[in-house]
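In: Sequence and computational prediction follow.
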There are 4 protein chains.
Amino acid sequence: MNKYAVEFIGTFFLVFTVGMVSIDPGAGALAPLAIGSALAVMIYAGGHISGGHYNPAVTLAVWLRGKASRGDALAYMTAQILAGAAAALVVLYLKDNSATSAAIESGPALVAEFLFTFALAFVVLNVATAKSTEGNSYFGFAIGFTVLVGAYAVGPVSGGVFNPAVAVGITIMGLSELSNIWIYLVATLLGGAAAALAFKSLKLSAD
Amino acid sequence: MNKYAVEFIGTFFLVFTVGMVSIDPGAGALAPLAIGSALAVMIYAGGHISGGHYNPAVTLAVWLRGKASRGDALAYMTAQILAGAAAALVVLYLKDNSATSAAIESGPALVAEFLFTFALAFVVLNVATAKSTEGNSYFGFAIGFTVLVGAYAVGPVSGGVFNPAVAVGITIMGLSELSNIWIYLVATLLGGAAAALAFKSLKLSAD
Amino acid sequence: MNKYAVEFIGTFFLVFTVGMVSIDPGAGALAPLAIGSALAVMIYAGGHISGGHYNPAVTLAVWLRGKASRGDALAYMTAQILAGAAAALVVLYLKDNSATSAAIESGPALVAEFLFTFALAFVVLNVATAKSTEGNSYFGFAIGFTVLVGAYAVGPVSGGVFNPAVAVGITIMGLSELSNIWIYLVATLLGGAAAALAFKSLKLSAD
Amino acid sequence: MNKYAVEFIGTFFLVFTVGMVSIDPGAGALAPLAIGSALAVMIYAGGHISGGHYNPAVTLAVWLRGKASRGDALAYMTAQILAGAAAALVVLYLKDNSATSAAIESGPALVAEFLFTFALAFVVLNVATAKSTEGNSYFGFAIGFTVLVGAYAVGPVSGGVFNPAVAVGITIMGLSELSNIWIYLVATLLGGAAAALAFKSLKLSAD
């Protein structure tokens, strides 16, 4: 149960931060620094208990890589999605201004979300599940700042989501249209699965 | 005595930085980076002596979690509050411009301050007092950058204080109205206590 | 083969990030943070497999320092150049706006690129190949943020490339003129070689 | 000899970065991030050889704390000052625009420079010379980002120098008036000495 509670807490603060820094008045050009740091610090806080996924696409990758049971994976995803929704409700309470959703094109958005969710899950599998990097102190920084990089790199193309729980949260907040949520779900889950495949075919999973 | 002196020094530089970057000419959109980094570097400098709390809400959480005596907790809080006041006086000497206090609404501010002081203390308890994260090199970054995240996320709602010693300092500087100080004291102490409760009920406190 | 694949993946995301944050709408003044962080996180992800060079000038330095075979060095460089070209093609697909190349002067640009590629390779050799820094957790941050520093310091002079694979990528993207690519190739390879020479003459290569 | 060469290299890149990001076109509000990161990465690169001082005020503090011989201290300071001057000459070659020096008031500037050089040297002594923090991976980040904090906090008051070698460099570059250099020399050396005194009187120097 503790693991699921920690996944809820970490995902809550990640999605809460995404909403607060994206809706006016927000953090402007610094929003990706805030979001990447939110993920980093929550991973450092909760990683020793739950692994610090906070992202169903990451949980999918870790499950495919063989480091999570199916039961845990489903419970993790449920906790993450619920946390994304809960965070959205608190954001809506705190923010007077209405969120506005930017128009995105589905082709480029799918590519952008796929690429950086692949990068994110690839970083996770290497820094948090590989034998040869065990005991390092950089895992949270590496994973969190991958999201910072992605938000700067492809934020203008796709919104920079890389996470189904974030997709649910920003849709509830009105930062993204419901008609676009399939883009995030498809691209991020494919990206996570592709990272697991790459990791395993590179025979990096010595267990 | 050394511990209390270190708590004074670290809190002094934290509150001093808060004031200097918040009063015009300050650090603008980069103020949270400066503040979060100030906390991070002071934790790395003093953590091995005092634990590097620099925050009565954190000291409360550490005491409730059983990692500080009541005597030490009271002395820490005293040193922190005095340091906040001292820092405010130096800021007032250095800054020609008058500080202006932003209007805040008590309901949203209480929620915002509670949430991120909870996050801050939750991070502290996990990265600095848990058995399974002992010896890590990320504790200062994780704790400091939680404040960075909170300042970006809820700064426009509540000022982003998360710390009674900071509340005292910014009230003396004129960045916050005296009539609002109860918001910070109530919300941050509740947030710290809630984090200790969460940490303990999650049975993360193996010793 | 795994090493070469990892060099391809890491260089791809580095050059992809360079392009995405540099072509309007990009990351503006935060572009160096995104680029330096991209390098840092990819080094943390792939360092344990390939060493995380992602840069022919770094591979040259590591080869001269005696930590890579000639065969591996050539394969690394090939993978890096191919990744730079591939990233450029994806950037061109995703970015509607055309890139514009800034005019640079060859003399100052050569000095600027030489100096910071020297710094970059000097940092790499010390944090990733020296006996006395083995097992550290800062190598990715140190290497990635050297590029951040260089991009802020000499970006306005030379573009802030420090990497032949990036030079190829930005030339294909139209961010740099083909007639200038010799500047980057000459200066960065000389910088990498000079760093290896400095490292060895300082007798830092205990093995 | 190697130690002195490394002090030259590290200080060169620090002062070079200070100049390049401060003279138009520079890094604007991000200049402190570049400068703090320059110091951090050079400390990670050279710390294992020379200790990575790159600052006569830090060398003074380390000598007073008993971790450097008088001969080494003098040679370090000489190398640092020469490096600051050399960096200034390269900056003058690369920058077309003239530097302009901001007016500063000596009283507030002395206080500001003293306070943050104290903080800087206090951080150095704790993270790089104390028994109980040996083997950590955060020393470069902690020291470098202390300068970032100081530059944001008191940069508008004093220029944010904290380092006699930087003072020499920016005076040669024309970023600071010769008639002000005493402020930096007096305040930073006093700050370094005060940190050593504080460290020793707190009995933190168990050796």
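Out: Sure thing, it's come through.

In: what's the longest helix in chain A?
Out: As assigned by DSSP state H, the longest helix anywhere in chain A is helix A:70-94.

In: quick one: the strands in chain A?
Out: Counting by DSSP state E, chain A has no strands to list.

In: nearest spatial neighbour of the residue positioned nearest the centre of chain A, skipping sequence neighbours?
Out: For chain A, the residue nearest the mean C-alpha position is residue A:163 (3.7 Å; Cα atoms, centre = their mean). Of all residues not flanking residue A:163 in the chain, residue A:55 sits nearest, at 4.3 Å (Cβ to Cβ, 6 or more residues apart in numbering or on different chains). No exception for glycine: its C-beta is placed from N, CA and C like everyone else's.

In: you'd agree that neighbour is up against residue A:161?
Out: No. The criterion here is Cβ atoms under 8 Å, and residue A:55 misses it with residue A:161 at 10.0 Å.

In: Touching both of those two, which residues are there?
Out: residue A:188 (Cβ atoms under 8 Å, 6 or more residues apart in numbering or on different chains).

In: tally of neighbours for the residue in chain A that chain D sits nearest to?
Out: Per Cβ to the nearest Cβ, residue A:137 is where chain A lies closest to chain D, at 5.5 Å. For residue A:137, the neighbour count with other Cβ atoms under 10 Å in any protein chain shown is 21.

In: same check, this time on residue A:74
Out: Neighbours of residue A:74 (other Cβ under 10 Å): 14.

In: Same question for residue A:82.
Out: 17.

In: OK, contacts around it?
Out: Residues near residue A:82 by Cβ under 8 Å, 6+ apart: residue A:8.

In: so how far is residue B:171 from it?
Out: Note on residue A:82: its distance to residue B:171, by Cβ to Cβ, to the nearest Å, is 38 Å.

In: ok, now residue A:42?
Out: When distance is defined by Cβ to Cβ, residue A:42 is 30 Å away from residue B:171.

In: And for residue A:33?
Out: For residue A:33, the distance to residue B:171 - Cβ to Cβ - is 28 Å.

In: Settle it for me: which of these two has more neighbours?
Out: Higher neighbour count among residue A:33 and residue B:171: residue A:33, with 28 against 21, using other Cβ under 10 Å.

In: Counting neighbours, what do you get for residue A:97?
Out: Residue A:97 has 9 neighbours, counted by other Cβ under 10 Å.

In: ah, wrong one, I meant residue A:178
Out: Using other Cβ under 10 Å, residue A:178 is surrounded by 10 other residues.

In: Kindly report the same for the one 10 residues further on.
Out: Here the count is done by other Cβ under 10 Å, and residue A:188 has 29 residues near it.

In: do the same with residue A:111
Out: With other Cβ under 10 Å as criterion, residue A:111 counts 17.

In: same deal with the one 3 residues further on?
Out: When counting by other Cβ under 10 Å, one arrives at 21 neighbours for residue A:114.

In: From residue D:50, how far out is it?
Out: The gap separating residue A:114 from residue D:50 is 46 Å, by Cβ to Cβ.

In: repeat for residue A:120
Out: Distance check for residue A:120 against residue D:50: by Cβ to Cβ, it reads 38 Å.

In: Have a look at the two and say which one is more surrounded.
Out: Neighbours were counted for residue A:120 and for residue D:50 using other Cβ under 10 Å; residue A:120 has more, 29 against 23.
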